[in-house]
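Visitor: Turn this into a structure:
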Amino acid sequence: MLNPLMLLGLFGLAVPILIHLINRRRMRPRLLATLRFLDLQDAANAFAPVPRDLLQLLLRLLLLALFILLMARLTGPSRTVGPRALAMVLDNSMSMRRPGPDGRSLFEAHRDRILQLVRSLKPGDVFSFTLVGDKVFESTGFTGDRAILERAVTNAWVSDGSARCLTATLEDSLRELRSKRAPNAALMVFSDQQSQNYPAAQASPGLSALLQGSRIKPVFVLDPVETPPNVELRGAEFYPEGIYLGAGGKVTAHLYNSSPTQMTGEVSLKSGNVPVETRPCNLASGETAYVELRHVFESPNDSAWKVSLSDDGFSADNDLYTTVHMLKRRQVLLVTSPHYTASDSMTMGHAGPDLFACAVNPSEAMGQAGGTFISVKRIGASTLERKALSLYSMVVLYGIQELGSPELVQDLVGYVRQGGGVYIIPDDRPDDPSVVRVNPALFNETFAPLLSGFKLGALREPKTPVALDGNEKHVADPLLLGLLRGEWGTPGEIVVSRYFSTVEAGNARAALKTADGDILVAVADLGKGHVCIQTHSWDLRDTTLPRSLPFVSVVQSIVDRLSGLAVEGAARPDQIRVGDFHRLLLPIDFRGLGNVILEGPRSYSFDMSPEAAQVTVKDLYLAGAYRATHPPKVVKDRWLAVNRAPEESSVSFMSAEQLAALCGERGDVATTSDRLDGLFRPSRELYPWMLALVLVALAAETLGPVLWRRKKGAHEPGV
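Guide: Model prediction:
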């Protein structure tokens with residue numbers, strides 16, 4: 001019976017009976033003389049409600065009952081399986097890659113079994129197929145078209161994500177399946193039935209509520225899977241994330257032995273599929289290990305790397321991907337006044353420019369190899385106009401108060417607007433007659449386009465050197481917060497003996513102040529770049545900071561801000577989990593070129609705004625290294641590492657009893673794929689027979705009374 005609720009219509013059989021009793025002939029009683037002396041209580045009630053035309057009444061009741069049974073859609077035994085309404089849901093999470101007893105993955109075995117069901121489609125059957133993991137990847141809806149179903153099942157693929165949407169998909173399938181009326185209605189779930197796939201169902205009775213009062217049979221396919229010893233690769237990252245050409249970096253691989261026995265394997269760092277570094281590792285049961293692999297980078301291009309484990313019981317969690325961003329070697333142009341010797345070679349000294357250059361790259365200043373990958377090019381102010389500013393990461397103007405031509409200042413403004421940095425350090429030597437005294441008015445007029453409203457005041461020489469203001473709430477720019485917080489050394493011993501006052505700060509933000517509230521370092525934004533104004537020099541007579549431990553950190557922090565290191569590494573890390581959203585920073589050459597192509601295990605196309613240098617990447621569900629390209633133009637490589645869902649290495653599966661509890665204790669709901677055919681009953685709908693009986697009853701109800709009256713009239717006298 002497909003519509004049992006229609007049996008409630010049988011209560012309507014009382015309506016014809018009531019109508020038949022009420023609708024009788026009305027006769028007016030007359031009192032006869034022969035009945036006048038009779039006792040009234042002994043008189044028979046000749047007008048009591050007695051049914052009339054019983055045959056017609058019975059025929060009408062029979063017709064109504066048959067019509068109700070017709071709408072209830074009765075079913076009966078049959079030699080063949082009756083029409084089926086099947087909702088087939090296939091889990092494509094990474095854990096479905098586990099091997100079965102026959103060597104095939106569980107996903108392949110389930111997909112082949114679904115294909116067998118689809119090919120058994122008969123007239124009257126309606127099937128639906130849904131491929132689901134972290135999202136619904138394919139849904140055919142209910143259809144009787146075998147070609148549509150076969151195409152969807154054949155193209156089904158297994159992802160590297162989890163099955164976060166499985167429970168919600170089952171509930172949606174049940175809602176749609178409840179509207180289908182067939183002798184065999186079933187929801188078939190092809191999955192490894194991991195416990196983590198049903199957290200929502202365990203917290204709320206969604207599945208059991210939808211199954212209550214329905215004829216739908218839930219079927220959870222529980223095929224056996226192999227769980228041999230396995231070592232899980234839980235993480236792999238390079239340090240540092242940004243590496244200079246010729247420098248070395250290390251990748252740290254996080255391993256965990258989840259098997260009950262000791263495992264031995266090899267960890268490999270691969271460029272593509274070619275190992276470049278390999279290291280063996282032994283892990284006891286339940287042990288965690290961190291393995292480091294080192295590599296020297298000799299290519300200036302960004303690159304993607306794969307960290308792999310040797311084969312074990314579950315190869316799907318043996319690979320992780322990471323990217324390395326190659327940093328440009330920075331070059332600082334140090335422009336000094338004629339008072340300081342201008343030389344292409346570095347010479348150690350105690351003057352402010354020498355101390356600054358030594359703090360930028362101590363090894364280079366002392367003639368040693370290595371260092372901070374920052375070169376200092378020192379020139380005089382007269383040769384600045386012959387230099388190509390675009391070759392330098394930042395420009396330092398030390399002790400300069402005029403540049404000779406307004407065009408040179410405009411060149412510096414354009415350089416900053418395109419992302420460069422300018423560091424201005426005024427220097428005044430009142431005790432040295434050979435040094436031209438700084439004229440604050442001339443200084444402000446010369447560098448006004450760079451200062452964003454900042455104006456230098458008169459030189460101050462307090463009788464007692466002033467200390468630094470250590471309250472970080474009094475500064476607006478976080479450039480030197482490490483100094484104020486004592487992270488780079490003790491700031492309490494640092495004093496300033498000579499500095500310029502500030503007439504107006506303008507749009508510049510204070511990064512360092514004296515205890516009296518005077519600005520020592522300020523930062524102004526100009527286009528994409530920054531300008532740093534320092535009101536004191538690095539001369540040892542002006543401040544004790546060059547003698548202190550924080551000096552190198554202070555200089556390095558200023559150089560990093562002005563040379564654009566923070567911008568260069570802004571796209572880091574370019575590593576995401578499958579299914580995540582990510583804003584990938586691309587070379588400026590991609591702007592306005594239309595779609596960006598990500599090439600990896602699959603190719604994807606994403607729109608890129610002409611105004612932005614970023615593209616929003618989403619819906620990548622296959623782990624691997626993806627290279628961002630644009631076919632019409634060759635640009636510098638940019639890589640995105642997409643890694644699998646880490647929780648899919650779990651081996652916690654639902655039992656048959658737990659699955660039955662999710663469905664409201666509906667009995668045995670778990671089975672294996674080879675027993676699915678036995679779930680379908682050999683029954684058919686009795687619709688043709690019931691329709692024929694309704695037509696016969698209708699004809700009898702219509703013609704029966706007519707024939708009865710004719711027959712009765714033929715036996716009456718005078719007829």
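
Visitor: What segments of the stretch 251-400 of the chain are helices?
Guide: Secondary structure of the stretch 251-400 of the chain (DSSP state H, counting those that start in this stretch): helices at 352-360, 362-365.

Visitor: Would you mind finding the most buried of these?
Guide: Highest mean neighbour count of those: helix 352-360, a mean of 24 (counted as mean count of other CB atoms under 10 Å). For glycine as for every other residue, the C-beta is placed from the backbone atoms N, C-alpha and C.

Visitor: Identify the residues contacting it?
Guide: The contact list for helix 352-360, computed with CB atoms under 8 Å, 6 or more residues apart in numbering, reads 332, 334, 336, 340, 346-348, 365-366, 372, 374, 376, 378, 396, 398-399, 425, 427, 537-540, 542, 546, 551-552, 554-556, 559.

Visitor: try 6 Å
Guide: Helix 352-360 is contacted from outside by 336, 340, 365, 374, 376, 398, 537-539, 546, 551-552, 555, 559, using CB atoms under 6 Å, 6 or more residues apart in numbering.

Visitor: would you list the helices of the stretch 251-400 of the chain in CSV and tack on mean pLDDT and distance to H254?
Guide: Shown next, in CSV, are those (pLDDT from 0 to 100; distance: least, CB to CB, whole Å):
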stretch, mean pLDDT, distance to H254
helix 352-360, 90, 36
helix 362-365, 67, 33
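
Visitor: before we move on, the earlier item: out of the contacts of helix 352-360, which one has the lowest pLDDT?
Guide: Lowest pLDDT of the contacts of helix 352-360: A365, 57.

Visitor: circling back: can you say which of the helices of the stretch 251-400 of the chain is nearest to E504?
Guide: helix 352-360 (25.3 Å; CB to CB).

Visitor: coming back round to it: let's have the contacts of helix 352-360 in a markdown table, adding distance to I597.
Guide: Shown next, in a markdown table, are those (distance: CB to CB, whole Å):
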| residue | distance to I597 |
| --- | --- |
| T336 | 49 |
| Y340 | 52 |
| A365 | 46 |
| I374 | 35 |
| V376 | 41 |
| Y398 | 47 |
| S537 | 52 |
| W538 | 49 |
| D539 | 55 |
| P546 | 51 |
| F551 | 48 |
| V552 | 44 |
| V555 | 42 |
| V559 | 36 |
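
Visitor: ok so, going back, mind giving me TSV with the helices of the stretch 251-400 of the chain and columns for distance to E176?
Guide: Formatted as TSV, the helices of the stretch 251-400 of the chain follow (distance: least, CB to CB, whole Å):
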stretch	distance to E176
helix 352-360	68
helix 362-365	70
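
Visitor: Of these, which is nearest M94?
Guide: Closest of the helices of the stretch 251-400 of the chain to M94 is helix 362-365, at 47.3 Å (criterion: CB to CB).

Visitor: rewinding a little: now, which of the contacts of helix 352-360 sits nearest L451?
Guide: Y398 (16.3 Å).

Visitor: got the contact list for the closest one?
Guide: T336, P353, I425.

Visitor: Tell me what the last one is bridged to.
Guide: According to DSSP bridges, the residues that bridge with I425 are Y398.

Visitor: neighbours around it, how many?
Guide: By other CB atoms under 10 Å, 22 other residues sit near I425.

Visitor: Same question for D112.
Guide: Neighbours of D112 using other CB under 10 Å come to 12.

Visitor: Assign it to helix, strand or coil.
Guide: With DSSP: H, G, I helix; E, B strand; the rest coil as the basis, the three-state label of D112 is helix.

Visitor: got it, and V416?
Guide: In three-state terms, and counting by three-state DSSP, V416 is helix.

Visitor: thinking again about what came up before, among the helices of the stretch 251-400 of the chain, which comes closest to C532?
Guide: Comparison of the helices of the stretch 251-400 of the chain against C532 by CB to CB identifies helix 352-360 as nearest, at 12.3 Å.

Visitor: What pLDDT does the model give W689?
Guide: For W689, pLDDT reads 59.

Visitor: Same question for the one 4 residues further on.
Guide: The predicted local distance difference test score for L693 is 67.

Visitor: ok, back up a step: from the contacts of Y398, which is closest to L586?
Guide: Once CB to CB is applied, the member of these that ends up nearest L586 is I425, at 35.9 Å.

Visitor: quick one: contacts for the closest one?
Guide: Listed by CB under 6 Å, 6+ apart, the contact set of I425 reads Y398, Q534, S537.

Visitor: closest to L456 among the residues you listed?
Guide: Taking CB to CB as the measure, L456 sits nearest to Q534 out of these, at 10.5 Å.

Visitor: How many neighbouring residues does the closest one have?
Guide: Neighbours of Q534 using other CB under 10 Å come to 21.

Visitor: same question, the one 4 residues further on
Guide: Counted with other CB under 10 Å, the neighbours of W538 add up to 24.

Visitor: got it, and W157?
Guide: W157: 14 neighbours (other CB under 10 Å).

Visitor: Helix, strand, or coil at Y621?
Guide: Taking three-state DSSP, the label given to Y621 is coil.

Visitor: Now it: closest residue in space, sequence neighbours ignored.
Guide: Spatially, and ignoring its direct neighbours in sequence, Y621 is nearest to S159 (4.0 Å; CB to CB, 6 or more residues apart in numbering).

Visitor: Kindly report the same for Q534.
Guide: Of all residues not flanking Q534 in the chain, I425 sits nearest, at 4.8 Å (CB to CB, 6+ apart).

Visitor: What of V651?
Guide: Among residues not flanking V651 along the chain, T227 sits closest, at 5.2 Å (CB to CB, 6+ apart).

Visitor: what's around that neighbour, how many residues?
Guide: 14.

Visitor: residues in contact with the residue nearest in space to the middle of the chain?
Guide: Among the residues of the chain, the one closest to the centroid is D580, at 2.0 Å (CA atoms, centre = their mean). D580 sits next to no residue when contact means CB under 6 Å, 6+ apart.

Visitor: Wait, a strand at it?
Guide: No. Looking at D580 with three-state DSSP, it is coil, so not inside a strand.

Visitor: any idea how far L389 is from it?
Guide: D580 sits 40 Å away from L389, going by CB to CB, to the nearest Å.

Visitor: Wait, the residue nearest to V651 touches S650, no?
Guide: No. Using CB atoms under 6 Å, T227 is not in contact with S650, being 10.7 Å away.
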